[in-house]
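*Asks:* can you look at this prediction? I've put the sequence above it.
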Amino acid sequence: MNIHKQFMFHFFGQLILTVLFLGSLVLALFAIIGFWVMEEEVKEDLSEAGSLYFSSNIKVDRGKVHFKEELRTLVREQNGWLIVYTDEGVPIGSYLTPKRTEKELLEEGTGTDYRYWNLDLPDSQTYVLIYGEKHPNRNLIQYVKEDMEWSQGRLSLSESTNQRMKKENAWVQLLDSNGKVVDDYGTENEPEYYSVRELLNLKSKENVSTFIDEKSKQKILVGIRSYQTSPSQERNIFKAFTSGGFILLLVLFTLLVLATLWHARKFGLPLLTMMKWIKNLSDGVYVQPLDDQEHPIMLKKNGRLKRKYRLYKDLITNLSHLTETLHHNKRHEKQMIMTREEWISGLSHDLKTPLSSISGYAHMLGSAAYTWSKEETMEFADIISEKSEFMRELLDDLTLTYRLKNQALPISKERTELNEIVRRTVIQYINDQANRDKELLFEPYDESLYAEVDLKWFQRILDNVLANAIHYNPAGTKITVSLQSIEHHLIVITILDNGKGMDTETLDKLFQRYYRGTSTTKTTSGSGLGMAITKQLIELHGGSINVTSAPGKGTKVRIIVPV
């Protein structure tokens, strides 16, 4: 998995975990806020409480009911009452219960409203709790009905009813059969007309009671103006939400700070370490960042990556490879400089020798103290020519290898039959009397082998390889040149000898421009660039060269070129 996918999956996983964590946190905070709101609602209206609340505030001991002080206080403040029944309907305890029979409590219009809950107490018995509240408007409508004179179509409230109305801050309206207000008492901004929809809406309000006279179809509306959620309750609910919101923001801010520090450590510290590593590479220090004990910062003692660096495993692997490559190149560069200096030293010696010969024979020919015969003059001229040709070839090889290195050598390929080219080259070396101490054999391919090659430079490839096989092997060496085809796509030219072979160091450095397999102090016409040029020319043809050898076991050279 590449680093892009690793980052994607890593951050996606972190996002999922963050959403789940924040979601759980928000749900928990809302649960707390809900608990606070419920607690405030219970303080204002016990009918909103649940069975669990009453079960925790009521205790039954030996058939006697005990109400906690907190519950009794709320009941008193809300003008309510409590009564506990067994499952069989037997009352076993009460608090501020009205002195009415059970039947009267359940009758509609008594001015009493109630709710009930099943109590789960520790004694494993089930009890029923009834909580009731008095609604003054329901009581008041009874008094208004008693004072009414339906035939006159107006309100006839007694003095006692008026006093009760004022005490409860109540109002009353008399409506005709069409919903129009014909008389009222204590009203302020109440409507003068009620539609059927508005009358139906009034029946769902606890602070308004209605009554319809069946004969006259007149209606009475009695309402309590102050019967609504108390401001203190609204303030407490608002305070609960405000406090909860503040706590939520505080927790989120704290989490944001902690997440920032965590991300800075998890992602920032590894990046800083790798930036330091890259800075070391730019300064030529090809090692990982180390701690005070000279141990790599990113690795454990057992050599494995530390957890916070594992996300960058691919990047660290690439940096490690780059570090090793740069370190290897640095060592290689030093070796190349050393080898080049040795080669230049040897090359200077090679040039110095022919130059000395040329200079010496030139002085001899120009000396007036001696008279040279024609044969001697011709001999001196041949030596000077030979040494000059050696120097020319040496400089040409040096120029050619740098042209190849800089891709500045023009090449002109044409379709050529390689069996014939190789055959002529081998015959040329067989006919050379200087090679009479070697045995050269040629094994052509059974069919014609055509390839796109530059004749001049391909001939140079063959000459270099065959010249090496002949020049660096002792007398009696057998050299076999053969051709093969691989699936009609590649042509293989093999030069195999049973000569002295090469050691590992020579084989490894065979194609280096600044390496010679033999000392330049030996009598040799070699420049030390032949095999480097050969490899570059073969690659210019889109091919490759492979050499295997061992001391005393000969050498095998395989040249592979495309068809």
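*Replies:* Perfect, thanks for sending it.
*Asks:* buried residues in the helix or strand where Asp382 lies, which are they?
*Replies:* Asp382 is part of helix 374-405, with elements assigned from DSSP states H and E. For helix 374-405, burial by neighbour count (16 or more other Cβ atoms under 10 Å) applies to Phe380, Ile384, Lys387, Phe390, Met391, Leu394, Asp397, Leu398, Leu400, Thr401, Leu404. (Glycine included, C-beta is placed from N, CA and C.)
*Asks:* same question for stretch 290-303.
*Replies:* Pro296, Ile297, Met298.
*Asks:* in strands only, show me those.
*Replies:* Within the buried residues of stretch 290-303, no residue falls in strands by DSSP state E.
*Asks:* out of the residues you listed, which comes closest to Arg197?
*Replies:* Met298 (76.8 Å; Cβ to Cβ).
*Asks:* helix, strand or coil: sort out the nearest residue to that closest one once chain neighbours are set aside for me.
*Replies:* Once flanking residues are discounted, Met298 sits nearest to Tyr309: 4.7 Å by Cβ to Cβ, 6 or more residues apart in numbering. What DSSP: H, G, I helix; E, B strand; the rest coil gives for Tyr309 is helix.
*Asks:* how close does Tyr309 get to Ile316?
*Replies:* 6 Å (Cβ to Cβ, to the nearest Å).
*Asks:* phi, psi of Ala49?
*Replies:* Torsion angles at Ala49 (phi, psi; degrees, to the nearest 10) stand at phi -70, psi 160.
*Asks:* sorry, that was for Ala451
*Replies:* Dihedral angles (degrees, to the nearest 10) for Ala451: phi -150, psi 160.
*Asks:* low-confidence ranges, the stretch 101-250 of the chain, go.
*Replies:* Within the stretch 101-250 of the chain, the ranges that satisfy pLDDT under 70 run 101-113, 134-135, 204, 206, 226-241, 243-245.
*Asks:* from the buried residues of stretch 290-303, which is closest to Thr97?
*Replies:* Among the buried residues of stretch 290-303, Met298 lies closest to Thr97 (Cβ to Cβ), at 78.0 Å.
*Asks:* that closest one reaches Arg304, doesn't it?
*Replies:* No - Met298 is not in contact with Arg304 according to Cβ atoms under 8 Å; the separation is 9.9 Å.
*Asks:* any chance you could map the helices in the stretch 101-250 of the chain?
*Replies:* 102-106, 136-147, 159-167, 196-203, 231-263 (DSSP state H, counting those that start in this stretch).
*Asks:* hmm, Arg76 is touching Leu96, no?
*Replies:* Yes - taking contacts as Cβ under 8 Å, Arg76 lies within contact range of Leu96: 6.9 Å.
*Asks:* just to revisit the earlier point, list residues touching both of Tyr309 and Ile316?
*Replies:* Residues touching both Tyr309 and Ile316 (Cβ atoms under 8 Å, 6 or more residues apart in numbering): Met298.
*Asks:* check Asn302 and give its pLDDT.
*Replies:* As predicted, Asn302 sits at a pLDDT of 81.
*Asks:* quick one, phi psi at it?
*Replies:* phi -90, psi 0.
*Asks:* relative to Pro296, how far out is it?
*Replies:* 12 Å.
*Asks:* longest helix in this protein, by number of residues?
*Replies:* Using DSSP state H, we find that the single longest helix of the chain is helix 313-366.
*Asks:* mind giving me the packing neighbours of that helix?
*Replies:* helix 3-44, helix 269-282, helix 374-405 (3 or more Cβ pairs under 8 Å, 6 or more residues apart in numbering; DSSP states H and E).
*Asks:* which of those helices sits closest to Ala467?
*Replies:* Closest among the helices and strands packed on helix 313-366, once you apply Cβ to Cβ, is helix 374-405, at 11.7 Å.
*Asks:* which strands and helices sit next to that closest one?
*Replies:* Judged by 3+ Cβ pairs under 8 Å, 6+ apart, helix 374-405 is in contact with helix 313-366, helix 530-540.
*Asks:* now the helix or strand following the last one, how far from the centre of its chain.
*Replies:* Spelled out, it's helix 530-540. Later in the chain than helix 530-540, the nearest helix or strand by DSSP H and E is strand 544-549. Once both centres are worked out by Cα atoms, centre = their mean, to the nearest Å, strand 544-549 turns out to sit 46 Å from its chain's centre.
*Asks:* which other residues reach stretch 181-189?
*Replies:* Stretch 181-189 has contacts (Cβ under 8 Å, 6+ apart) with 153-155, 157, 162, 165-166, 169-176, 190-194, 218, 225.
*Asks:* likewise stretch 434-449?
*Replies:* Under Cβ under 8 Å, 6+ apart, the answer for stretch 434-449 is 417-419, 422-423, 426-427, 429-430, 470, 473, 475-485, 491, 563.
*Asks:* going through these, which ones are buried?
*Replies:* For the contacts of stretch 434-449, buried by 16+ other Cβ under 10 Å: 418-419, 422, 426, 429, 470, 473, 477, 479-481, 483, 491.
*Asks:* low pLDDT regions in the stretch 251-400 of the chain?
*Replies:* 339-340, 342-343, 345-347, 349-350.
*Asks:* run the last query once more with 50
*Replies:* Along the stretch 251-400 of the chain, the model assigns pLDDT under 50 to no residue.
*Asks:* ok, Leu71 - how many residues close by?
*Replies:* Other residues near Leu71 come to 21 when the count uses other Cβ atoms under 10 Å.
*Asks:* use 57 as the first number from now on
*Replies:* Got it, first residue is 57 now, which makes that one Leu127.
*Asks:* and the residue nearest to it when sequence neighbours are not counted, how many neighbours?
*Replies:* Nearest residue to Leu127 in three dimensions, chain neighbours excluded: Asn113, at 4.2 Å (Cβ to Cβ, 6+ apart). For Asn113, the neighbour count with other Cβ under 10 Å is 16.
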